[in-house]
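K.L.:
What shape does this take:
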Amino acid sequence: MKARYALLAASITVTLGSCAEPTVPNYNQPTVEEASKDPSALQLLATGLLSQLRGPTTGFVSDVGIFGRESFNYFPTDGRSHTHYVFGPGPLDYSGFAAGGGIWNAGYNNGRNIFNFLTSVAVAPISAAQRDAAEGFAKTIEALGYLYIIATRDTIGAVVEVKADPKALAPFVSRDSVYAYISARLDEADAKLVSAGTAAFPFVLTSGFVGFNTPATFRQFNRAIAARALVYRGSISQFASPVGAGCPTSALCYSQALTALTASFLNTASALSTGPFHTYSTGTGDAQNTLFFSTTSDIVAHPSTLTDAPIRAGGTRDLRLIAKVDTATPVKQPNAGPTSGIPSGLRFKMYPDRLAGIKILRNEELILLRAEALWFTGAKAAAIADIDFIRVNSGGLPASSTLTAASSTNAEFITELLLQRRYSLLFEGHRWVDSRRFNRLALLPLDKPTHFVAKVQPVTQAECLIRVKATTPVALQGPGCP
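P.N.:
Predicted structure coming up:
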């Protein structure tokens, strides 16, 4: 629209005999019309999708870290990240920032952006193979954004439809429907990435995707996300309430996850840290990693992170703890009073500075996803082998002396699995999600009688308000909205 105004203004000034200014496209907000003429517009759109995906990551990791008793944020001048998140009686207030608006907004902003991106791709002057590659990229990013939303709200459901009219509201659908949509979208993306063959993306991904920046290698990332979604669905079908997550049986979800993992970048011969990550910088207009390590930081590790860590031969703690957590002085705690938290002298050090990347998904998680899927499809010895691989190669621990394929119960396996996931994926946004999907929130520490453990993130206040005010059927209103 702005370009059209520029053309009109130029024609008027020429009529008046003045020197007309050249028409310059709006590079900050490229339109479908511009993309149909200039492929460089796709670069701006693709960069925006990755930026939107990255945007809420630090807030998400901190939020679910607090819910899952991995971390606390004792910001001295604003105690809401303790009082709203931990101090009872609960549940989380939909009007507060504990509602996780960052993840919610980013997922749906990207849903709209991807709708526009795919429209632009369809008319852009690129090859058919590049079009397939771009479509596979966008649908993968969309599904990942929705996975973050439903993994924290799976008893509520969510929205998956993006209507052509931005003002038209789409209805909420069930958890099962959201997971089914995510899996289907990832499969659509997978097919497009395969169809792209050896073609390059018609845009450049960030440096965090080095090694995953061609359609073939990005497909490995897509299959890894597909496996995560299917494993979540499998566990929810067994352990969460109400049951059911879109698969006819839990075992089928897990079986499909194993198939996806074979096409992912899972590799026990590769570094456990291998995987795409969000990048940060101190450049003007760019984002910084606000979770960075500092002995004066307000973000602290929950004291149980130290006391629960497995002990190695000789009495030293798990190597993952040593690599990721440090003792800080002085001990940090919120202001005294009835809403006070507990003191902690521990800091996370896996993010050493403001430039440190944050993993989206990595090889170590994939091995643990496979262990879970193997166990619940009956390949228990192979599952234990994967657990032991992580124990030995990541934790510096001996192989498990308690798990056996013949006699260990599902509950015993889950206990060991969650212990390994806790330290392998420490402060990366997993412990609370894992506790929810295995129906083990009650095992998280309360610390004080006045504390509570959040069960679900609510629909955000902004989403509720727009639905209450809209002249649409009540069925379009969000679950839990006043």
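K.L.:
starting at the chain centroid, how far to the strand or helix carrying A106?
P.N.:
Per DSSP states H and E: A106 is located in helix 101-123. How far helix 101-123 lies from its chain's middle: 16 Å, per CA atoms, centre = their mean, to the nearest Å.
K.L.:
in it, what counts as buried?
P.N.:
Of the residues in helix 101-123, 101-111, 113-118, 120-121 count as buried by neighbour count, 16 or more other CB atoms under 10 Å. Where C-beta positions appear, they are placed from N, C-alpha and C, glycine not excepted.
K.L.:
do stretch 167-178 as well
P.N.:
If you call a residue buried by 16+ other CB under 10 Å, then stretch 167-178 has these buried ones: 169, 172, 174-176, 178.
K.L.:
Kindly report the same for stretch 461-479.
P.N.:
Applying 16+ other CB under 10 Å to stretch 461-479 flags 461, 463-464, 467, 477-478 as buried.
K.L.:
contacting residues around it?
P.N.:
94-95, 99, 101, 104-105, 156-157, 169-172, 459, 480-482 (CB atoms under 8 Å, 6 or more residues apart in numbering).
K.L.:
and if you look at stretch 446-456?
P.N.:
Counting by CB under 8 Å, 6+ apart, 67, 69, 85-92, 98, 152-156, 338-342, 432, 436, 441-442, 444 sit against stretch 446-456.
K.L.:
on that earlier part again, check which helices and strands the helix or strand immediately after the helix holding A106 in the chain is in contact with.
P.N.:
Per DSSP H and E, helix 101-123 leads on to helix 128-152 as the next helix or strand towards the C-terminus. Helix 128-152 makes packing contacts with helix 40-54, helix 101-123, helix 175-196, helix 215-239, helix 431-437 when contacts are defined by 3 or more CB pairs under 8 Å, 6 or more residues apart in numbering; DSSP states H and E.
K.L.:
State the mean pLDDT of the first one.
P.N.:
Along helix 40-54, the predicted local confidence has a mean pLDDT of 95.
K.L.:
got it, and the shortest one?
P.N.:
With pLDDT averaged residue by residue, helix 431-437 scores 96.
K.L.:
CA-only coordinates of it, as CSV, when you get a sec.
P.N.:
The C-alpha trace of helix 431-437 is given here as CSV (Å, rounded to 0.1, in the frame of the first residue of the first chain):
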residue,chain,number,x,y,z
ARG,A,431,11.0,-30.2,33.5
TRP,A,432,7.6,-28.8,34.1
VAL,A,433,6.4,-30.0,30.7
ASP,A,434,7.7,-33.5,31.5
SER,A,435,6.1,-33.5,35.0
ARG,A,436,2.7,-32.5,33.4
ARG,A,437,2.7,-35.1,30.7
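K.L.:
what angle do the helix or strand following that helix and helix 101-123 make?
P.N.:
Downstream of helix 431-437, the first helix or strand assigned by DSSP H and E is helix 461-469. With axes from the mean of the first three to the mean of the last three CA atoms, to 10 degrees defining the directions, helix 461-469 sits at 70 degrees from helix 101-123.
K.L.:
from the chain's centre, how far out does helix 461-469 sit?
P.N.:
24 Å.
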